[in-house]
Each structure stands twice: as structure tokens, then as C-alpha cells.
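> Next comes the sequence, and after it the predicted model I'd like to discuss.
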Amino acid sequence: MVKQPAYMANLKEYARHISGTNPPDISMDDVTKEFSNESDRGAIILAASSTEDMIETMILKKLPGLESDSQTRKRMFEQDGQLASFSKKSEMAYAMGIINRSCSRN
């Protein structure tokens with residue numbers, strides 16, 4: 001099994017904290033330090049991945065039925081699911097009022 005790098009775990013933890021799904025135990029300084037060890041390209045990729053995870057977490061927070069239904073959640077968010085891509089997630093987040101128009105691709 002591939003182990004997730006510490007910086008990815010920290011970014012995901014921070015995203016969960018921002019979305020209110022976990023208690024605050026990581027600071028923005030910690031996240032910034034992790035980005036500083038990356039190339040510009042790497043930092044952008046990590047930031048986009050973290051943002052996508054955060055959007056997914058916020059969508060799930062507003063759809064409580066998916067929290068206990070892992071099969072449906074998996075079908076919706078993985079591979080060819082309705083919310084599998086970053087753009088589909090951002091469109092749904094906009095439709096649900098999670099993000100504003102300037103954050104969506106519309």
C-alpha cells in the first residue's frame with residue numbers, strides 16, 4: 001500500500017478543519033511550510049488537490065445521506081461519477097451555495 005506523503009495528509013487535515021469536519025489541530029503556517037518545500041508546479045498541484053478535497057467535504061456536509069452510504073458516495077465521487085471531476089464539484093458547490101460564481105467555472 002502506498003503511504004500518503006505528510007504534506008498531503010496535512011493539507012487534507014487543514015481542509016477538513018476549514019470545512020468544520022475536524023477540530024483545529026493544524027495551522028495555516030504548517031500548510032505554508034509544506035508548500036515551501038515544493039516547486040511552484042508542485043505547490044499549485046497540491047493547492048488544487050486540497051481545494052478539491054475541501055469542496056468535496058463541504059458538499060458531503062450538505063448531503064448527510066451520503067455520509068452513511070459509502071457505495072453511493074463512491075459512485076458519485078469516483079471515476080465517471082456525477083461529481084468525479086474538479087469542475088463538476090465546483091459547479092455543484094456553486095449550485096448549493098457553498099462557493100460564489102467567481103469561484104466556479106461559470
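Structure's in. What do you need?
> Buried residues in the top helix by length along the chain, which are they?
Identified as the longest helix of the chain according to DSSP state H is helix 40-62. Going by neighbour count (16 or more other C-beta atoms under 10 Å), the buried part of helix 40-62 is 43, 46, 50-60. All C-beta atoms are positioned from the backbone trio N, CA, C, and that covers glycine.
> which helices and strands sit right next to that helix?
The contact analysis (3 or more C-beta pairs under 8 Å, 6 or more residues apart in numbering; DSSP states H and E) places helix 40-62 against helix 6-19, helix 28-36, helix 86-95.
> what separates Ser68 from Leu60, distance-wise?
11 Å (C-beta to C-beta, to the nearest Å).
> roughly how far apart are the nearest residue to Arg73 once chain neighbours are set aside and Ser102?
Nearest non-adjacent residue to Arg73, counting by C-beta to C-beta, 6 or more residues apart in numbering: Leu66, 4.4 Å away. According to C-beta to C-beta, Leu66 and Ser102 sit 27 Å apart.
> Just want to know which of those two has more residues nearby.
Leu66 (18 against 7; other C-beta atoms under 10 Å).
> quick one, what contacts that one?
60, 72-73, 76 (C-beta atoms under 8 Å, 6 or more residues apart in numbering).
> And those, which of them are buried?
Listed as buried from the contacts of Leu66 are 60, 73, 76; burial here means 16+ other C-beta under 10 Å.
> Output those in CSV, with pLDDT and distance to Ala93 appended to each entry.
Formatted as CSV, those follow (pLDDT from 0 to 100; distance: C-beta to C-beta, whole Å):
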residue, pLDDT, distance to Ala93
Leu60, 90, 11
Arg73, 89, 16
Met76, 91, 14
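> Now render those residues as JSON lines, adding distance to Phe86.
Putting the buried ones among the contacts of Leu66 into JSON lines (distance: C-beta to C-beta, whole Å) gives the following:
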{"residue": "Leu60", "distance to Phe86": "15"}
{"residue": "Arg73", "distance to Phe86": "17"}
{"residue": "Met76", "distance to Phe86": "14"}
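> Tyr94: which of these is nearest?
Checking those against Tyr94 with C-beta to C-beta, the nearest one is Leu60 at 16.0 Å.
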